[in-house]
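Asks: mind looking at a prediction? Sequence and model below.
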Amino acid sequence: MNFILIISDTLRRDHLGCYGNDWISTPNLDALARESIVFDQAHVGSFPTIPHRTDLFTGRYMFTYSDWAPLPRDNVVVAQVLSEAGYLTYFVCDTPHLVRDGFHFDRGFTAWQWIRGQENDRYMTDPEQVHIPCDPEKLRAVTRTITQYLRNVSQRRGEQDYFAPMTMAEAGRWLERNARREPFFLYADTFDPHEPWDPPQHYVDMYDPGYQGEEVIYPIYGPATYLSEAELKHMRALYAGEVTMVDRWVGRLLNRAADLGLLDDTAIIFGTDHGFYLGEHGLTGKVVHLYEEVSHVPLLIRMPGGKGARRCPALVQAPDIMPTMLELAGAPDPGTMHGKSLVHMLEGKDDPVRETAISSWSIIHEPVADALPLDDKNPYKWAEIAWKRKPSTVTDGEWSLICGAQDVRPELYHVPSDPAQAKNVIADQPDQARRLHAAYIAFLESLDTDDKFIAPRRSLSL
């Protein structure tokens, strides 16, 4: 069968109608969900952007042996295996981190295309002066990212010139030219709705019409105390507008596939790498702890013809995608993957492939000074301290444990009764915490993780 794999960066699960959202317009993804196996317990593996794509492309948990780094040359990648099995493979992205500076996530693909200009891509040098839409003190990386981004988009004239539209349009054009050259694997990766958030105004007006204040398009990662209530509301509207824009253009790609008669022999996979805090836990960004808003993600897999559409409760993660695709393709197992095939779930069985899911920053770094405080309300200072910590989240779908080395104070939440994770119950439920922590250590050991990375995490200080 053919494959279309779509990744939309930083897309919160709870911002899609198919996952319960009732105020953001996502009709195309909701329609895809009605014909898909909808995974209700998909969780981040390695975090964030580049580690996730490594998980996705290699079927391995990158956080156990590497960090934000180029695609390892000695890792077998999904495009390589499918290409060797006779697939025509194509990669199109506007996520700049994947292909610039020697990161080589295009490796193994027959051909690839990079849509230039997203985020801090070193693309344009003019205009020299750009309009910053709010007090620069409220923005993250003003010079390196915001100024560069505003230069990059200065020649944009209409919605078709935005990044998600350009990426999905190019994917559609490739399909139109190559649809009969089966089998094929099309990978489309858009950075939206990752910040900076500046969707066309008509999308913003759907969620906060008439707003006249400052637009915080790339907020500081840390305590949200620097934002007024109106600014925070508008920030959420900007993000929601990008979600809707992504939905519209993913829908156009799916419609193109339908028009070309591809839906009866093509598997469509849609997912993301992580979410984002929009005021939850008093935070903006995706720093420190991987709470539900960041670690619990959407995953839709539509089998050819929409066969077997249902909701699946099993715990699944990004490293499972490669082994699933290879089994569906009848391609050989390279023997290098950590993930597990989900094909039996796509065929209607709920037999779990794991009892816990581990989401984590890279664990290869030395812990910082013991229990650094995070009570400083200065968002810049807070972020400087927070970025040094590398916690992990362990969940069984009901209980969620945040743990790590000695620089991470452990937290435990019962998610069904406390979905906002507002009450840390580790003092009341130490046995649950120890159970999940034991599963965490056993998981690391099962992947032959270097013990020098496990050792600082073997104890759980309750």
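Replies: Arrived safely.
Asks: how about stretch 254-263: buried residues?
Replies: Within stretch 254-263, the residues that qualify as buried are 254, 256-257, 262-263, counting by 16 or more other Cβ atoms under 10 Å. The way it works is simple: take the backbone N, C-alpha and C, and place the C-beta from them, glycine included.
Asks: mean confidence score for that stretch?
Replies: Mean pLDDT, stretch 254-263: 98.
Asks: now stretch 82-100
Replies: For stretch 82-100, mean pLDDT rounds to 97.
Asks: pull out the buried residues from that stretch.
Replies: Buried positions in stretch 82-100, judged by neighbour count with 16+ other Cβ under 10 Å: 82-83, 87-99.
Asks: that older thread, farthest-separated two in the buried residues of stretch 254-263?
Replies: Pairwise distances across the buried residues of stretch 254-263 peak at 10.7 Å for Arg256 and Leu263 (criterion: Cβ to Cβ).
Asks: Phe185: which element?
Replies: If you go by DSSP states H and E, Phe185 is part of strand 184-190.
Asks: OK, contacts around the residue lying closest to Ala42 once chain neighbours are set aside?
Replies: Nearest non-adjacent residue to Ala42, counting by Cβ to Cβ, 6 or more residues apart in numbering: Leu299, 3.7 Å away. Leu299 makes contacts with 38-39, 42, 269-271, 316, as judged by Cβ atoms under 8 Å, 6 or more residues apart in numbering.
Asks: likewise Glu159?
Replies: Taking Cβ under 8 Å, 6+ apart, we find Glu159 in contact with 165, 200, 245.
Asks: so which of those is the closest to Ser360?
Replies: Closest to Ser360, out of all of these and judged by Cβ to Cβ, is Met245, at 30.5 Å.
Asks: what residues sit buried inside the helix or strand containing the closest one?
Replies: Assigned by DSSP H and E, Met245 belongs to helix 229-259. Across helix 229-259, burial judged by 16+ other Cβ under 10 Å covers 231-251, 253-254, 256-257.
Asks: who does that helix touch, helix- and strand-wise?
Replies: If you count contacts as 3 or more Cβ pairs under 8 Å, 6 or more residues apart in numbering; DSSP states H and E, helix 229-259 packs onto strand 2-8, helix 27-34, helix 163-178, helix 201-204, strand 266-271, strand 277-278.
Asks: what comes into contact with the shortest one?
Replies: Going back to what we said before, that points to strand 277-278. 12, 232, 235-236, 239, 283-287, 291, 293-294.
Asks: stretch 233-241: how far from the chain's middle?
Replies: Stretch 233-241 sits 18 Å away from the centroid of its parent chain (Cα atoms, centre = their mean, to the nearest Å).
Asks: before we move on, what about stretch 185-205?
Replies: Stretch 185-205 has its C-alpha centroid displaced from the chain centroid by 13 Å (Cα atoms, centre = their mean).
Asks: quick one: the strands in the stretch 351-462 of the chain, in order.
Replies: Assigned by DSSP state E, counting those that start in this stretch, the strands in the stretch 351-462 of the chain fall at 357-360, 392-395, 399-403, 411-414.
Asks: dead centre of the chain: give me the residue that sits there.
Replies: Asp273 (1.3 Å; Cα atoms, centre = their mean).
Asks: that one against Ile50, yeah?
Replies: No - with contact defined as Cβ atoms under 8 Å, Asp273 does not count as touching Ile50 (9.0 Å).
Asks: rewinding a little: which strand residues bridge the residue nearest to Ala42?
Replies: Note on Leu299: beta-bridge partners Gly271, judged by DSSP bridges.
Asks: how about the helices of the protein, start to end?
Replies: Using DSSP state H, the helices of the chain run over 27-34, 49-58, 78-84, 148-152, 163-178, 201-204, 229-259, 292-295, 321-329, 343-346, 379-386, 430-446, 451-454.
Asks: got a list of what the nearest residue to Gly172 once chain neighbours are set aside touches?
Replies: Setting aside the residues directly before and after it, Gly172 is nearest to Arg256 in space (Cβ to Cβ, 6+ apart), at 4.0 Å. Contacts for Arg256 (Cβ under 8 Å, 6+ apart) come out as 172, 175-176.
Asks: okay, now the domains of the protein?
Replies: 2-346, 363-457 (automatic domain parsing).
Asks: lowest average confidence, helix or strand, in the chain?
Replies: helix 379-386 (a mean of 70; mean pLDDT, DSSP states H and E).
Asks: one step back: compare the domains of the chain and give me the one nearest Ala357.
Replies: Closest approach to Ala357 among the domains of the chain is made by domain 2-346 (4.0 Å; Cβ to Cβ).
Asks: and Arg236, how far is that from Leu460?
Replies: To Leu460, Arg236 is 35 Å away according to Cβ to Cβ, to the nearest Å.
Asks: how about Glu292?
Replies: Distance of Glu292 to Leu460, given as Cβ to Cβ: 21 Å.
Asks: distance from stretch 328-344 to the middle of the chain?
Replies: For stretch 328-344, the distance to the chain centre is 21 Å (Cα atoms, centre = their mean).
Asks: sorry, back to before: which among the contacts of Arg256 count as buried?
Replies: With burial judged by 16+ other Cβ under 10 Å, the buried subset of the contacts of Arg256 is 172, 175.
Asks: nearest to His104 among the contacts of Arg256?
Replies: Taking Cβ to Cβ as the measure, His104 sits nearest to Leu175 out of these, at 24.4 Å.
Asks: contacts only, for that closest one.
Replies: 186, 253, 256-257, 260, 262.
Asks: 6 Å - rerun?
Replies: For Leu175, the contacting residues are Arg256, by Cβ atoms under 6 Å, 6 or more residues apart in numbering.
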